[in-house]
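Asks: from the sequence below, what's the structure:
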Amino acid sequence: MRIKKILVPVDGSDHSMKAAEYAIDFVKLNQSELLLLHCHKPFPHYLGEPNLQHAVDAILRKANQLVEPFVKLYKENNIEPRVILLEEPAGKVIAKAAKNNEVDMIIMGSRGLSDLGGLILGSRAHKVLQLAHCPVLIYR
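Replies: Got it, this is the predicted structure:
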């Protein structure tokens, strides 16, 4: 089985950086396409213009800043990631993005920056395991 596309969800945590580093070998070994996903906080649709646009710009600027070190990591390893920025909730969005992009594998950290905690796995990792259509590698 060839792994053509790998999705790496990141949230800026140490766990997501370690998972992103671990994915490098998988990408190179399989000559896979890498999709780098970040789920930012929801846009405040209740705001009117021009405030809504200012809030959207600020959220997207922060999301791009968060993703920047991951993009740099991959480019230093001769991997050109495709960056996807989506609104939360991350657990559902990650699984849906994997399916919509026909991903063959998800590689993610066991815990993120969420305020909610699971007993063994983070709540987002647990949700992805429940909903994903493809194999999920959880890096601890």
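Asks: which other helices and strands contact the least confident helix or strand in the chain by mean pLDDT?
Replies: When each helix and strand of the chain is scored by mean pLDDT, DSSP states H and E, helix 123-131 comes last, with a mean of 86. For helix 123-131, the helices and strands in contact under the criterion 3 or more CB pairs under 8 Å, 6 or more residues apart in numbering; DSSP states H and E are helix 90-100, strand 105-109, strand 136-139. All C-beta spots, glycine's among them, are computed from the backbone N, C-alpha and C.
Asks: most tightly packed of these?
Replies: Stretch with highest mean neighbour count among those: strand 105-109 (a mean of 26; mean count of other CB atoms under 10 Å).
Asks: that one: partners in the sheet, and parallel or antiparallel?
Replies: Partner strands for strand 105-109, per DSSP bridges, with pairing direction: strand 5-9 (parallel), strand 136-139 (parallel).
Asks: list the contacts of that strand.
Replies: Counting by CB atoms under 8 Å, 6 or more residues apart in numbering, the neighbours of strand 105-109 from elsewhere in the structure are 3, 5-9, 11, 13-20, 22-23, 26, 94, 98, 122, 124-125, 128, 132, 134-140.
Asks: run the last query once more with 7 Å
Replies: 3, 6-9, 13, 15-16, 18-19, 22-23, 26, 94, 98, 125, 128, 132, 134-139 (CB atoms under 7 Å, 6 or more residues apart in numbering).
Asks: pull out the buried residues from the biggest strand by length in the chain.
Replies: Using DSSP state E to define each element, the chain has its longest strand at strand 33-40. For strand 33-40, the buried set under the neighbour-count rule, 16 or more other CB atoms under 10 Å, comprises 33-40.
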